[in-house]
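Enquirer: Output the structure for:
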Amino acid sequence: MPDTGTLTDVPIITSALKDSFQKGIDYAPAMAGDLFSVETSATAQNVYTHLNHIPGMRQWVKGTPDLRRNIETSDFTVANLRYGNTIALQVDDINDNQLGQYNNLAQQMGNRSVQKKDALIYGLLNDAFDGTLVWDGGYLCAATHTVGISTVNNAITAALTSASFETAYNMITGFTFQADQMSDEEPLNPGGKYLLVVPPALQITARGIVKNALGTAGATNSYFGLADVHVSSYLTSSTAWFIVNVGDMIKPFIYQEREAARLLQSTPTNGGTELSIDEIVYNVKMRGAAAATHPWLVVGSTGATT
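Expert: Prediction:
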């Protein structure tokens, strides 16, 4: 912050606040970073065309025409939303050279814009069973997802235990689909990197399942290392848990970015709000949205059944 403290220094103050705001953004990446990729957006909404099935490669016999197969598609629209925050500088604080507090506030607001992405991504998991829609029109975690001519069930209700983890792990690694009648059955997750995503209430249980090399009585823990534990305080259910494949070419979630977070001075110097209520207002604005991609990248449990 500048040492001077008059309204003529507002452009310098604005520049310093923007620097502090950016420091807040750079301070720490989104906690949900492993779960999503960023998709840029140039309009009010993005339309994603999803291939309902991708037939596998077939032998093309020399001297014969290639067999053309119909590929059905579904459009999935993700509309951008606007998010904002506000910081107001008291004119007296500027004149009295009391600006250090606003430097800290600007940094916090920058960090809050990063955390908003976390809130949006984890919100998709919070609503996975009854709110978050995917390209086939169903909820993210549901008993029936149609993939080609196959059906995928990626929802269970069991509380988190070693046995239920095994069930869910076998499900996500064993998902297969058949694109059409001419296709062979193929795996949906042929390789992967798996996260066991849990709320704080389940973190000890989760770590006991996949992070301890030895089980009870010193026996070898068969589940050791099968997944990394990912804990988030943004998860609102104390019982729901998820196994997520983050090693695929496509991440389970996207953050669609229309406008990156930025700090804007919203009132002109010596006019408007500044004269009426003796303050200069800055707005933080960002535009974007979060969405789920392929349901077979997630197996979720409500944890309601013990």
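Enquirer: Enumerate the strands of the stretch 101-250 of the chain by residue range, in sequence order.
Expert: Secondary structure of the stretch 101-250 of the chain by DSSP state E, counting those that start in this stretch: the strands cover 145-147, 150-152, 155-158, 176-177, 186-187, 194-198, 228-231, 241-245.
Enquirer: Can you check which of the ones you listed gets nearest to Gly300?
Expert: Proximity to Gly300 (Cβ to Cβ) singles out strand 241-245 among these, at 4.6 Å. For glycine as for every other residue, the C-beta is placed from the backbone atoms N, C-alpha and C.
Enquirer: returning to that earlier point: using a markdown table, please lay out the strands of the stretch 101-250 of the chain together with mean neighbour count, mean pLDDT and distance to Gly131.
Expert: Shown next, in a markdown table, are those (neighbours: other Cβ atoms under 10 Å; pLDDT from 0 to 100; distance: least, Cβ to Cβ, whole Å):
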| stretch | mean neighbour count | mean pLDDT | distance to Gly131 |
| --- | --- | --- | --- |
| strand 145-147 | 19 | 89 | 16 |
| strand 150-152 | 17 | 91 | 19 |
| strand 155-158 | 18 | 98 | 13 |
| strand 176-177 | 18 | 90 | 25 |
| strand 186-187 | 14 | 90 | 29 |
| strand 194-198 | 25 | 98 | 17 |
| strand 228-231 | 18 | 98 | 21 |
| strand 241-245 | 25 | 98 | 15 |
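Enquirer: how about JSON lines for these, with distance to Gln265 added?
Expert: Converted to JSON lines, those look like this (distance: least, Cβ to Cβ, whole Å):
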{"stretch": "strand 145-147", "distance to Gln265": "48"}
{"stretch": "strand 150-152", "distance to Gln265": "50"}
{"stretch": "strand 155-158", "distance to Gln265": "48"}
{"stretch": "strand 176-177", "distance to Gln265": "53"}
{"stretch": "strand 186-187", "distance to Gln265": "54"}
{"stretch": "strand 194-198", "distance to Gln265": "39"}
{"stretch": "strand 228-231", "distance to Gln265": "38"}
{"stretch": "strand 241-245", "distance to Gln265": "41"}
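Enquirer: Quick one: closest of those strands to Gly303.
Expert: strand 241-245 (5.9 Å).
Enquirer: helices or strands next to the helix or strand just after that closest one in the packing?
Expert: Counting by DSSP states H and E, the next helix or strand C-terminal to strand 241-245 is strand 253-265. Secondary-structure packing of strand 253-265 (3 or more Cβ pairs under 8 Å, 6 or more residues apart in numbering; DSSP states H and E): helix 10-27, strand 36-40, helix 100-126, strand 279-292.
Enquirer: Let me know which of the ones you listed is the nearest to Ser222.
Expert: Nearest of the helices and strands packed on strand 253-265 (Cβ to Cβ): helix 100-126, 26.4 Å.
Enquirer: ok, and for that closest one, which residues are buried?
Expert: Using 16 or more other Cβ atoms under 10 Å as the test for burial, helix 100-126 gives 102-103, 105-126.
Enquirer: helix/strand/coil for Phe76?
Expert: strand (DSSP: H, G, I helix; E, B strand; the rest coil).
Enquirer: quick one, what contacts it?
Expert: Listed by Cβ atoms under 8 Å, 6 or more residues apart in numbering, the contact set of Phe76 reads 47-50, 134-135, 291.
Enquirer: ok, the spatially most central residue of the chain - contacts?
Expert: In the chain, the residue lying closest to the centroid (Cα atoms, centre = their mean) is Ile121, at 3.0 Å. Under the criterion of Cβ under 8 Å, 6+ apart, the neighbours of Ile121 are 30, 32, 35-36, 253, 255, 290.
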